[in-house]
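**Q** Below: sequence and its predicted model.
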Amino acid sequence: MVHLLIALVVFVWVFAMAMLGLWWRTHLPDHHLNEESTSTIKLATGLIATIAALVLGLLISSAKNSFDTVNADLVRNAVKIIQLDRNLAEYGPETMPLRQELKINYAKWIDVLGSGRESELQRLETPEMVGEIHHFQHELAGLTPKTMLQEHLQSRCMELADDVFAARWLALLQRRGSIPIALLFVLVTWLSIIFAAFGLFSPHNNTLIFFFVMCAFSAAGAIYVILEMDTPLDGFINISVAPLREALSHIGG
């Protein structure tokens, strides 16, 4: 909702700047819009437009990389959890309580993660859910292997458990995004200048106003996509938990 509000503000602001440019066109003295002035303003606006396009492309790429990184981490997490369960099963029947505990905790984590709401995601950092992780690891470390194979499996399970929970924390740390708000503010300022120049050198008619609306909508949409993809765990554009649910169906059985 916050991202949608920001995009709406950007849309209104840049469109208003285009309308302001149209208003300036009718109120500025003629010598302010002579050929020399027009050429200079167009060159300066072209420079700003080039910089804005480069920054916008970099922000989209950065947001996409953040989204793909978290998605890849969770897919690896799903693979690791299956491997952990299989190693526990191979260890022997005495690990069945651990496997059931792992499945219950993992299902709870998936439900919270799949909610897509910040208020729910904050539960993952509560002492209760963190305590469940520590309890599982202590129970795993407390196993008493009787054979060399069980000793190897216990060591392997502890490594896998560390990987599983490390990926969980990595996803949580990346949920708040990494794109500086100040950079977005500067980008919107550049867009404002560009749209004002568009209005300044355009005749006043409904067709142009319609295209100004479409361009402002496109710019706001780009900002919205950047913000959404930079925070992949919540919002309208978020990662799928389908691989995690698929992994859940294969563990604890």
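**A** Good, I have the coordinates.

**Q** after the helix or strand harbouring Ser155 comes which helix or strand?
**A** Taking DSSP states H and E as the criterion, Ser155 maps to helix 148-173. Scanning forward in sequence from helix 148-173 by DSSP H and E, the next helix or strand is helix 181-200.

**Q** which stretches of the stretch 101-250 of the chain have low pLDDT?
**A** 116, 118-125, 168, 170-177 (pLDDT under 70).

**Q** Give me the neighbour count for Val164.
**A** 22 (other Cβ atoms under 10 Å). Where C-beta positions appear, they are placed from N, C-alpha and C, glycine not excepted.

**Q** Correction: the previous question concerned Gly235.
**A** 19.

**Q** Three-state assignment for it, please.
**A** coil (DSSP: H, G, I helix; E, B strand; the rest coil).

**Q** now Thr144
**A** coil.

**Q** what's around it, how many residues?
**A** If we define neighbours as other Cβ under 10 Å, then Thr144 has 8 of them.

**Q** Ok, the one 3 residues further on next?
**A** By other Cβ under 10 Å, 10 other residues sit near Thr147.

**Q** How about the one 5 residues further on?
**A** Under the neighbour criterion other Cβ under 10 Å, His152 is assigned a count of 13.

**Q** re earlier: okay, buried residues for the helix holding Ser155 please.
**A** Buried residues in helix 148-173, counted by 16 or more other Cβ atoms under 10 Å: 150, 153-154, 156-158, 160-161, 163-165, 167-168, 171-172.

**Q** which stretches of the protein form strands?
**A** In the chain, no strands are found when defined by DSSP state E.

**Q** just to revisit the earlier point, and the helix holding Ser155, what does it pack onto?
**A** helix 35-91, helix 127-141 (3 or more Cβ pairs under 8 Å, 6 or more residues apart in numbering; DSSP states H and E).

**Q** I am finished for the moment; much appreciated.
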